[in-house]
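Participant: Curious how this folds, go ahead:
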Amino acid sequence: MNAGELLQQETERHRSVILSFKTMPCKLNNLQNPMIKDPTLVYRFYQDRHCKSGPACENYHNYDEQRRAVFCEISQKLIYCPTPCESYYKHLVCDSNKHCPYAHSQTETMYHPSVYKTEQCLDSNCLFLSNPHLCPRLHIGETSRVTLAKGYQTLELRPQPKIQPRPLINLSQFKTKFCKKKENHDKKLCPFYHSEVDKRRSTSEINYCPELCPKIEKSFCSCDENCPFAKNKVEQLYHPERYKRKFCSHHPERINQCEYENFCSFAHNEAELTTELLYSEKTTDEFNMYKLKTLFCPFRQEHERSTCSYAHNVQDFRRDPLLFKYKPEDCPYWSKSDAIQEYEKAGCMKLLNCDKCHGWKELEYHPLFYKTKICSNLPRCERKDCPYSHGPQDKKYSFLFFRKF
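Facilitator: Purely as a prediction, here's the structure:
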């Protein structure tokens, strides 16, 4: 029996969990700090980001939760088995990366089709009591998957590709253990820490934000282990919310000159980038209203910012209209000066919680405003993806967007 036939025997809910649970990031993971600098406000920003779905959210929120798709889309063969990867947990680096035939997280182990729903849940306070199908263990009233699980155990794993990607770092434990090597070696290419300057606390154990502590002196802060900020540059750059959100400064032509090689905290290619690839998406009205300028640019080299899909400064940035509910009206307190470098210095005390538009783009590309007014620069408008109507063929009416917004 092959994978397709086994999946057909699964209940609809179980099949959905096996195929997609925790394989995609929660939308809140992309919620970036829009250049808030004040330490108190920064900390509040990171503390306020709570997923309203709680345990019922089927997307991952942190590095330890994420799970690779268990089947190859093309061959439909299993990509990995539920056995933990020894290299990933012992040496903190897996050379096979996403093609590794072993599990890289507890989520990959527990929700693997040969393990999921094969043991009874004994936790009376289980977080999934309201959504038992999301718990990896059996709840009262659920049918055991033991027989089906055995079927998956007989399936062959997909052969590893001949061309291997760059090694995968165990970011949960990277630089959290002291290096025991006695011989001289390059500390930049070592997954263990050597001093307070490159020591990291695990974000799965201590919930700190990726902004540098304002009390840093001599490259690290002297605060205790519960400091709510990054205690040094290593904690900042290798924080799950910063790690590989931007391309390496050597990308793309001089990538072989990067001194950090496989341990670089920046992306060396598109496959490593952990932010959405807005630049590769087709520009449509839907894209302009809901994605344009909602994320900061991952490119570090100079480029034409006016035509770039990403935000580059305070005024350029748009709050995601699906995460923030604000009206299609200009905020009377928000200054549109070019000189504003910090979000909190723009005049509105409500900051991200304001129910009106901030910056240069939020009003024009608001789903209830976009294409509802005639462009005043016709017929000479040269603006790419102009948010105003150029004729009856593209004029929108705001009531069309009420249900979506």
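Participant: How about the contacts made by the closest residue to H390 other than its chain neighbours?
Facilitator: Residue nearest to H390 in three dimensions, not counting chain neighbours: C375, with 5.6 Å by C-beta to C-beta, 6 or more residues apart in numbering. The C-beta positions use only the backbone N, C-alpha and C, and glycine is treated the same way. Shown in contact with C375 (C-beta atoms under 8 Å, 6 or more residues apart in numbering): 381, 383, 386, 388-390.
Participant: could you measure C375 against S306, distance?
Facilitator: As judged by C-beta to C-beta, to the nearest Å, C375 and S306 stand 17 Å apart.
Participant: Could you report the neighbour count for the closest residue to T11 other than its chain neighbours?
Facilitator: Take T11 and drop its neighbours on the chain: the residue closest to it by C-beta to C-beta, 6+ apart is T143, 7.4 Å away. Other residues near T143 come to 11 when the count uses other C-beta atoms under 10 Å.
Participant: tell me the pLDDT at T143?
Facilitator: pLDDT recorded at T143 is 88.
Participant: Please report the distance of it from F71.
Facilitator: 22 Å.
Participant: P136 is in contact with Q120, correct?
Facilitator: No - judged on C-beta atoms under 8 Å, Q120 makes no contact with P136 at a distance of 11.3 Å.
Participant: So those two - more neighbours on which side?
Facilitator: P136 (19 against 11).
Participant: tell me which element the more buried one falls in.
Facilitator: Assessed by DSSP states H and E, P136 sits outside every helix and strand.
Participant: now do E235
Facilitator: helix 233-237.
Participant: so how far is N170 from the residue lying closest to H99 once chain neighbours are set aside?
Facilitator: Nearest non-adjacent residue to H99, counting by C-beta to C-beta, 6+ apart: Q160, 5.1 Å away. Distance of Q160 to N170, given as C-beta to C-beta: 19 Å.
Participant: Please say which of these two ends up with more neighbours.
Facilitator: N170 (21 against 12).
Participant: Leaving out sequence neighbours, find the closest residue to that one.
Facilitator: L92 (4.3 Å).
Participant: That neighbour contacts F174, doesn't it?
Facilitator: Yes - using C-beta under 8 Å, L92 is in contact with F174, at 5.7 Å.
Participant: Would you mind listing the residues touching both of those two?
Facilitator: Residues touching both L92 and F174 (C-beta under 8 Å, 6+ apart): P191.
Participant: one step back: going by neighbour count, which of the contacts of C375 comes out on top?
Facilitator: Neighbour-wise, those (other C-beta under 10 Å) top out at Y388, 19 neighbours.
Participant: If I look at that residue, what pLDDT would I see?
Facilitator: The per-residue pLDDT reported for Y388 equals 93.
Participant: which residues touch Q315?
Facilitator: Under the criterion of C-beta under 8 Å, 6+ apart, the neighbours of Q315 are 336, 338, 340, 359-361.
Participant: and with 7 Å instead?
Facilitator: Counting by C-beta atoms under 7 Å, 6 or more residues apart in numbering, Q315 makes contact with 336, 340, 359-360.
Participant: quick one, what contacts L322?
Facilitator: Y290.
Participant: going forward can the numbers begin at 13, since that is how I track them
Facilitator: Will do, 13 is the new start, and the previous item becomes L334.
Participant: how near is it to Q78?
Facilitator: 21 Å.
Participant: cool, C343 as well?
Facilitator: Note on C343: its distance to Q78, by C-beta to C-beta, is 36 Å.
Participant: Count the neighbours of the residue nearest to N182 for me.
Facilitator: For L104, the tally of surrounding residues (other C-beta under 10 Å) stands at 21.
Participant: which residues in this structure form strands?
Facilitator: 105-106, 180-181 (DSSP state E).
Participant: pLDDT at K408, what is it?
Facilitator: Reading off the model, K408 has pLDDT 60.
Participant: buried set for stretch 329-338?
Facilitator: 329-333, 336, 338 (16 or more other C-beta atoms under 10 Å).
Participant: Next, format these as TSV and append distance to P51 and pLDDT.
Facilitator: Shown next, in TSV, are the buried residues of stretch 329-338 (distance: C-beta to C-beta, whole Å; pLDDT from 0 to 100):
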residue	distance to P51	pLDDT
F329	20	97
R330	25	97
R331	22	96
D332	24	95
P333	28	95
F336	23	94
Y338	25	97
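Participant: out of the residues you listed, who's nearest L304?
Facilitator: Set against L304, the nearest of these by C-beta to C-beta is R330 (7.0 Å).
Participant: Tell me the confidence at the residue nearest to the closest one when sequence neighbours are not counted?
Facilitator: The shortest distance from R330 to any non-neighbouring residue, by C-beta to C-beta, 6+ apart, is to K305 (4.4 Å). On pLDDT, K305 comes in at 96.
Participant: now R415
Facilitator: Taking R415 on its own, its pLDDT is 38.
Participant: ends of stretch 256-266, how far apart?
Facilitator: Its first and final residues considered, stretch 256-266 spans 17 Å by C-alpha to C-alpha, to the nearest Å.
Participant: Only the buried residues of that stretch, if you could.
Facilitator: Neighbour counts over stretch 256-266 (16+ other C-beta under 10 Å) mark 256-260, 262-263 as buried.
Participant: now what about stretch 251-265, what contacts it?
Facilitator: So stretch 251-265 is contacted by 74-75, 183, 215, 222, 242, 248, 267, 269-270, 276-280, 284-287, 310-312 (C-beta under 7 Å, 6+ apart).
Participant: Using PDB, write out every CA atom in stretch 284-303.
Facilitator: Output of stretch 284-303 as PDB, limited to C-alpha atoms (Å, rounded to 0.1, in the frame of the first residue of the first chain):
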ATOM      1  CA  GLU A 284      17.200  30.300   3.000                       C
ATOM      2  CA  LEU A 285      15.300  33.600   3.300                       C
ATOM      3  CA  THR A 286      12.700  33.400   6.100                       C
ATOM      4  CA  THR A 287      10.600  36.400   5.000                       C
ATOM      5  CA  GLU A 288       8.000  36.300   2.300                       C
ATOM      6  CA  LEU A 289       9.300  36.700  -1.200                       C
ATOM      7  CA  LEU A 290       7.200  39.700  -2.100                       C
ATOM      8  CA  TYR A 291       9.400  40.600  -5.100                       C
ATOM      9  CA  SER A 292       8.600  37.300  -6.800                       C
ATOM     10  CA  GLU A 293       4.800  37.600  -6.500                       C
ATOM     11  CA  LYS A 294       2.600  38.800  -9.300                       C
ATOM     12  CA  THR A 295       1.500  42.400  -8.800                       C
ATOM     13  CA  THR A 296      -2.300  42.400  -8.600                       C
ATOM     14  CA  ASP A 297      -4.900  44.600  -6.800                       C
ATOM     15  CA  GLU A 298      -5.100  41.900  -4.100                       C
ATOM     16  CA  PHE A 299      -1.300  42.100  -3.600                       C
ATOM     17  CA  ASN A 300      -1.300  45.900  -3.500                       C
ATOM     18  CA  MET A 301      -4.000  46.000  -0.900                       C
ATOM     19  CA  TYR A 302      -2.900  43.300   1.400                       C
ATOM     20  CA  LYS A 303       0.900  42.800   1.000                       C
END
